[in-house]
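Engineer: Predicted structure and sequence below. I'll ask about it afterward.
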Amino acid sequence: MQSRPGGLFVCVSPEFFRDRNRIAKLAVKHRLPTIFGLSAWVEAGGLIGYGANLSDMFRMAAVYVDKILKGAKPGDLPIEQPTKFELVINLRTAKALGLTIPRSLLQRADEIIQ
């Protein structure tokens, strides 16, 4: 007896990101719900994305660069973790997979792709 996966989680990785459109399309073709760590995957056709907000992380990086350019030693700067996360849901993909996303999850979403 062959088992079939119930879903797919794709790690944030430059190698996978390059092929996000193809991976998302293949997942829908094989009726495989997907969750990703970046919203760009959901825009490419993935089902759900949950992860750190990239715009916020880039702003944090700019603050670090500013401090370094003003003379701070990089080794003296604290390590910071993301503080803003985002949940993005693609309802088109949910419909193509025959899934109904619970209202409670939709209410928590930062963005819903119709």
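Structural biologist: Okay, I see it.
Engineer: Any buried residues in the lengthiest helix in the chain, and which?
Structural biologist: As assigned by DSSP state H, the longest helix anywhere in the chain is helix 54-69. For helix 54-69, the neighbour count (16 or more other CB atoms under 10 Å) marks M57 as buried. Quick note: C-beta positions are derived from backbone N, CA and C, even for glycine.
Engineer: Can you report phi and psi for S3?
Structural biologist: Listed backbone geometry of S3 is phi -100, psi 150, with angles given as degrees, to the nearest 10.
Engineer: any idea how far it lies from H30?
Structural biologist: 14 Å (CB to CB, to the nearest Å).
Engineer: Give me the more crowded residue out of the two.
Structural biologist: H30 (11 against 5; other CB atoms under 10 Å).
Engineer: Next, the contact list for the spatially most central residue of the chain, please.
Structural biologist: Geometric centre of the chain, nearest residue: L38, 1.9 Å, by CA atoms, centre = their mean. L38 sits next to V12, F17, G49, G51, L54 when contact means CB atoms under 8 Å, 6 or more residues apart in numbering.
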